[in-house]
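Asker: quick one, what's the 3D model for this:
(2 chains)
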Amino acid sequence: MSGRSAGAGGSPFAPHTADETAAMLDALGVDDETDLFDIPEAVAFDGEFGIPQRDERTVRADLRETFARNDDLVEFLGRGHYSHYVPAVVDDLSSRSEFLTSYTQYQPEITQGFLQALFEYQSILVELTGLPIANCSMYDAATALAEAALLSDRLRSTSGSTVLVPEDLRDGKRGTLDNYVDGSELTVETYPYADNTADLDALADSVDEDTAFVYAETPTVTGAIEPELAAIGDLADEHDALFCVGSDPVALSLLEEPASVGADVVVGEAGVLGLPASYGMGLGLFACKEEYLRQVPGRLVGKSEDAEDRRAFTLTLQTREQHIRKERATSNICTNQAWVALRAAMHAAYLGPEGLVDLAEDCVRDAASVAASLDALDGVEAPLDDRHHFREFAVGVDDAPGVAAGLEERGFAVHLLDDETLQVCVTDLNVDAADDLVAAFAEVAA
Amino acid sequence: MNYDQARYGDDTRNEPLLSEKNSTAVDPGAGSALPEDLTRDSLELPGLSEPELARHYTRLSQMNWSVETGPYPLGSCTMKYNPSFADAVAADPNAAVHPDRDPRTVQGNLELLHGLQEYLATIGGMDAVTLQPPAGAAGEFTGIAVAKAYHEHHGNDKSEVIIPASAHGTNFATAAMAGYDVVELPSGEDGRVDVEALEAAVSEDTAALMLTNPNTVGLFERDITEIAEMVHDAGGLLYYDGANLNALLGRARPGDMGFDIMHYNVHKTFATPHGGGGPGAGPVGVVEELAAFLPRPRVREVSGSAEDAAGDVATAADGGALAGHDHDHGHGDAGDGEGDAEYELFDPEHSIGKVHGFSGNWLVLIRAYAYIRRLGDEGLLDASAKATLNANYLASLLDLEVPYGPFHHEFAATAGERDAADVAKGMLDYGVHPPTTKWPEMVPEAMLTEPTEVENRRSLEDLANAFNEAFADTDEELHDAPTKTTARRVDQTSAARNPRLSWQALEDDE
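Answerer: Predicted structure coming up:
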């Protein structure tokens, strides 16, 4: 028996033995695979990238060494990317290859498992947002916000062309939004914050007939819980603008339900469930009112019946999508974050409503208690506003770059916002180190 | 092949929904540290014990087809085997860091990103790469936004993007999202770009031509040099859709064909798992002239640090193995970490800004880098060889006609008088996943088939058998298919006519 081609330096994941290859080539009447290629000489490449083949053990060892270059710091970091403890059962179940190595459910009969899981994910978001429609995912919170703004541009029920967002919006969200609206009639303008949440008077002055979309976050980028959501929603409504709330599923487990404050669309980072710190990888939450159903971007799973009248699930309303509607599609999105959505649903079902509320309540209490401990130190003020906080808060010090450097020397990473401001995010994953963080602050900020 | 998919449940439904197993309502505001007006009144969700959860999702997984279950020859989707070691590498706890870490403290992440930028640049024949776009369509959007920024920077007044009729739907949607008018190019009789039609379509309004090569029926665009010249002469740019790059690995590079911008679908070409519909990643490569417009930030080596690393063990070893090679990207393994070289983030001078909140789908990018490193030149070259061999061998066994050739890694068979969607449903009963159906439209009742390099001869013969048996079935048999899958034929019309998109919506329905 001949060895596999991989032994001769081929792809280790092409299973052909030399005999098999020879027989297949023979059946096709050619001597070599290269005879099957129809590439003009002028643009042919010689195959020499200069990348040596390595065995599996070497690649793993190399990359372990590479990642070991990262400094081992306890992260008190948030500002849009959050880490909560993900139970091992979520890793195990989501890694089942039937989930991980499948693709979009173009043939529903043979992919009922994933379809049902996505239907369940949609349903969990429907409960958390109070809105009846949730899609299977956008890429992340930034692209979900950008898609929501584009939705307002397609609706007849909204007038105007101005997108209003907080001035203190994360650069990644603002930058993505700017790019997405660049091909539309929309322009982006900002409204100011007062005390780290919306300045309602200033916002009232900004909203007018030309406003198509008003975006508010809770918690905001500095962790403040927005107390005026209903009033912001009223302002948007009075001017026929779409009201979009940005949040996340853990916060939504405790905070006011967006539908009850008049939200038309909810976006945000759903990767707070199921996804550990992953250098910014996300899961875009997108939910909206029923009346926008035919304008929703992304995939939707619906319930149907099969030929035996048994309940079955399927991708539905696909005439909104690019593979059918082409340039008139509601979005160009195709591949999304389905597997991350699966993990988020698993995590939510693992926690249950009590577990979700407990986790959210800890986000409030731990942030408050760590802020109080820091505030008690000489030369440290926390938080820097009178709001209630969720997970994180801003911290005032005299020399923020100096304090951040001192904390890093002691093994902690915090956000450096400007010369006098830091930001600290507390979750279940770092709360056990919070006392040490406070002690380190005491040493470097005094 | 004998095949029956798992089926749990009863005569009315499969495995119950989470909400049918448990549903509990709580009052989140009760006992909260927050004032009442900031909290919600109720939250009703399922909560399952761990054993219940394990059984629920294990059953759902068994009711799902995957690459590890059997052949998954969806044309244009490149459903390769996803190697386990890449999952293990991505699970390294040291890689699980926050995106706002000071770059000095995450040199390992930057080393990998820099290495992947270099690998992709070399493989595509491009000069600069961004890894930020989180999927192929996001890559397209990024690429077209870069083209738009380039034209605006140079004062070029451009309004149109030309796209062949057979292109992926994302191309059209992307151009429209970027604010361009779409000019659809009819296919030539031989299945390739009709150069005369292109000549008529190209004008001073042309911002870009978006092209897939080999195209969506697997044919190499032989006139690519002439096409590139035509578009460039009009001041337009050439965009390469990387969906079919698996066919060309090591054999031709978009940069050498005259393309200015390309995206890579790493979940296709570089074997990262498709995850039931994502996450993927859609890095974008560009030629030097466009590098300044890429999204911010990118990763680069701190100048001078490479010299410091010269003589480093890893570099010397790899360099030694490569002695005598001469390629565009110079020294040894372009994407290999330099051991103690330092990396930094930088914003390209005229950057279009951001296309993702942070730096894209990190866990996917790790796997792609690991895969390229594992395969090396020889493995990459063999991937395109075996992918093309497999497609050709499979096609040779089919009773269905394949109207266009010579094709490479994929082919579009025609179901002729039969309904391609029905034939696909018939195939489901033979223990295989059917191909992409009814697309591209240039082939009547198309069955776009891409077996990839991971199928062996026996498995290709099983696949061919499924095609031929289903193709030979009577209309009545096809109408009743499938019978061996978890669900019988699913009623799409009812799903769309009466949308029920959550378990909350089912309460009114059942």
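Asker: so what's the residue count around whatever residue of the stretch 251-400 of chain B ends up closest to chain A?
Answerer: In the stretch 251-400 of chain B, the residue that lies nearest chain A is B:Phe358 (2.3 Å; CB to the nearest CB). Placement of C-beta: from N, CA and C, glycine included. Number of residues near B:Phe358 (other CB atoms under 10 Å in any protein chain shown) recorded here: 24.
Asker: state the helix or strand in which it lies.
Answerer: Take DSSP states H and E as the rule and B:Phe358 turns out to sit in neither a helix nor a strand.
Asker: measure stretch A:407-418 end to end?
Answerer: End-to-end span of stretch A:407-418 (CA to CA, to the nearest Å): 16 Å.
Asker: which residues sit against it?
Answerer: Contact with stretch A:407-418 is made by A:71-79, A:394-395, A:400-401, A:404, A:422-425, A:433, A:436-437, A:440-441, A:443-444, B:98, B:100-102, B:105, as judged by CB atoms under 8 Å, 6 or more residues apart in numbering or on different chains.
Asker: so how far is it off the chain centroid?
Answerer: 24 Å (CA atoms, centre = their mean, to the nearest Å).
Asker: got the buried residues for that stretch?
Answerer: A:407-408, A:410, A:412-417 (16 or more other CB atoms under 10 Å in any protein chain shown).
Asker: please apply the same query to stretch A:312-329.
Answerer: Result for stretch A:312-329 [16+ other CB under 10 Å]: buried residues A:312-318, A:320-323, A:325-327, A:329.
Asker: which residue is the nearest non-sequential neighbour of the residue of the stretch 251-400 of chain B closest to chain A?
Answerer: The spatially closest residue to B:Phe358, leaving aside those adjacent along the chain, is A:Gly280, at 2.3 Å (CB to CB, 6 or more residues apart in numbering or on different chains).
Asker: tell me which element the one you found is part of?
Answerer: Per DSSP H and E, there is no helix or strand for A:Gly280.
Asker: count the residues that sit near it.
Answerer: 24.
Asker: correct me, but it touches B:Leu363?
Answerer: No - with contact defined as CB atoms under 8 Å, A:Gly280 does not count as touching B:Leu363 (10.4 Å).
Asker: list the residues that contact whichever residue of chain A sits closest to chain B.
Answerer: Nearest to chain B in chain A, going by CB to the nearest CB, is A:Gly352, at a distance of 1.8 Å. Shown in contact with A:Gly352 (CB under 8 Å, 6+ apart): B:22, B:24, B:45-48.
Asker: ok, now B:Asp475?
Answerer: The neighbourhood of B:Asp475, defined by CB under 8 Å, 6+ apart, consists of B:Asp422.
Asker: okay, it: pLDDT?
Answerer: B:Asp475 carries a pLDDT score of 95 in this model.
Asker: with B:Val402 instead?
Answerer: At B:Val402, the model reports a pLDDT of 98.
Asker: with A:Phe45 instead?
Answerer: 98.
Asker: if I read this right, it contacts B:Pro254, doesn't it?
Answerer: No - contact criterion CB under 8 Å: A:Phe45 and B:Pro254 do not qualify, at 10.2 Å.
Asker: what is in contact with the two at once?
Answerer: Joint contacts of A:Phe45 and B:Pro254 (CB under 8 Å, 6+ apart) are B:Gly125.
Asker: looking at these two, which is more packed in?
Answerer: Higher neighbour count among A:Phe45 and B:Pro254: B:Pro254, with 29 against 21, using other CB under 10 Å.
Asker: residues contacting the nearest residue to the more buried one once chain neighbours are set aside?
Answerer: For B:Pro254, ignoring the flanking residues on the chain, the nearest one in space by CB to CB, 6+ apart is B:Tyr240 at 4.1 Å. Neighbouring residues of B:Tyr240 by CB under 8 Å, 6+ apart: B:124, B:211-213, B:254, B:257, B:259, B:261-263.
Asker: wait, is B:Tyr240 part of a strand?
Answerer: Yes - judged by DSSP: H, G, I helix; E, B strand; the rest coil, B:Tyr240 forms part of a strand.
Asker: three-state assignment of the residue of chain B found nearest chain A?
Answerer: Residue nearest to chain A within chain B: B:Gly47 (1.8 Å; CB to the nearest CB). Of the three states, B:Gly47 takes coil according to three-state DSSP.
Asker: just to revisit the earlier point, what's the farthest-apart pair in the buried residues of stretch A:312-329?
Answerer: Using CB to CB, the two most remote members of the buried residues of stretch A:312-329 are A:Ala312 and A:Glu327, lying 31.7 Å apart.
Asker: can you give me how far the lowest-mean-pLDDT helix or strand in chain A is from the chain middle?
Answerer: Least confident helix or strand of chain A, by mean pLDDT, DSSP states H and E, is helix A:322-325 with a mean of 88. Distance of helix A:322-325 from its chain centroid, counting by CA atoms, centre = their mean, is 24 Å.
Asker: for stretch A:357-369, same thing?
Answerer: Distance of stretch A:357-369 from its chain centroid, counting by CA atoms, centre = their mean, is 21 Å.
Asker: which stretches of chain A have low pLDDT?
Answerer: A:1-8 (pLDDT under 70).
Asker: give me that answer again for 90
Answerer: Residue ranges of chain A with pLDDT under 90: A:1-9, A:156-159, A:276, A:319, A:322-325, A:446.
Asker: give me the longest helix you can find in it.
Answerer: helix A:338-375 (DSSP state H).
Asker: tell me which helix or strand comes right after that one.
Answerer: Trace forward from helix A:338-375 with DSSP H and E and the next one is strand A:392-396.
Asker: for that next one, name the packing helices and strands.
Answerer: helix A:338-375, strand A:421-425 (3 or more CB pairs under 8 Å, 6 or more residues apart in numbering or on different chains; DSSP states H and E).
Asker: name the next helix or strand downstream of it, please.
Answerer: Assigned by DSSP H and E, the successor of strand A:392-396 is helix A:400-409.
Asker: next, the buried residues of that following helix.
Answerer: Neighbour-count burial for helix A:400-409 flags A:400, A:403-404, A:406-408 (criterion: 16+ other CB under 10 Å).
Asker: and for A:Asp240, nearest residue in space, chain neighbours not counted?
Answerer: Closest to A:Asp240 by CB to CB, 6+ apart is A:Ser159, at 5.1 Å.
Asker: go on, A:Gly9?
Answerer: B:Glu378 (3.7 Å).
Asker: top of the contacts of B:Tyr240 by neighbour count?
Answerer: Ranked by the number of neighbours (other CB under 10 Å), those place B:His263 first, at 34 neighbours.
Asker: which residue ranges make up each domain of chain A?
Answerer: Domains of chain A are assigned by automatic domain parsing as A:74-85+A:349-445, A:88-345.
Asker: buried deepest among the ones you listed, which one?
Answerer: domain A:88-345 (a mean of 23; mean count of other CB atoms under 10 Å in any protein chain shown).
Asker: can you give me the end-to-end span of that domain?
Answerer: Domain A:88-345: ends 14 Å apart by CA to CA.
Asker: and stretch A:419-434, by the same measure?
Answerer: Stretch A:419-434 has its terminal residues 23 Å apart, counting by CA to CA.
Asker: and stretch A:42-57, by the same measure?
Answerer: 39 Å.
Asker: not counting it itself, show me its contacts.
Answerer: For stretch A:42-57, contacts defined as CB under 8 Å, 6+ apart pick out A:9, A:12, A:62, B:83, B:85, B:119, B:122-123, B:125, B:224-225, B:250-253, B:256-257, B:318, B:321-322, B:325, B:327, B:329, B:332-335, B:372-381.
Asker: give me the buried entries from those residues.
Answerer: A:9, A:12, A:62, B:83, B:85, B:119, B:122-123, B:125, B:224, B:250-253, B:256-257, B:318, B:322, B:325, B:327, B:329, B:332-335, B:372-381.
Asker: so where do the helices sit in chain A?
Answerer: Listed in chain order, the helices of chain A (DSSP H) span A:18-28, A:56-67, A:88-94, A:97-100, A:112-129, A:141-154, A:171-181, A:200-206, A:229-238, A:249-252, A:322-325, A:338-375, A:400-409, A:434-445.
Asker: cool, and the stretch 51-200 of chain B?
Answerer: Remark: helices assigned in the stretch 51-200 of chain B by DSSP state H, counting those that start in this stretch are B:84-90, B:107-124, B:136-153, B:169-177, B:195-201.
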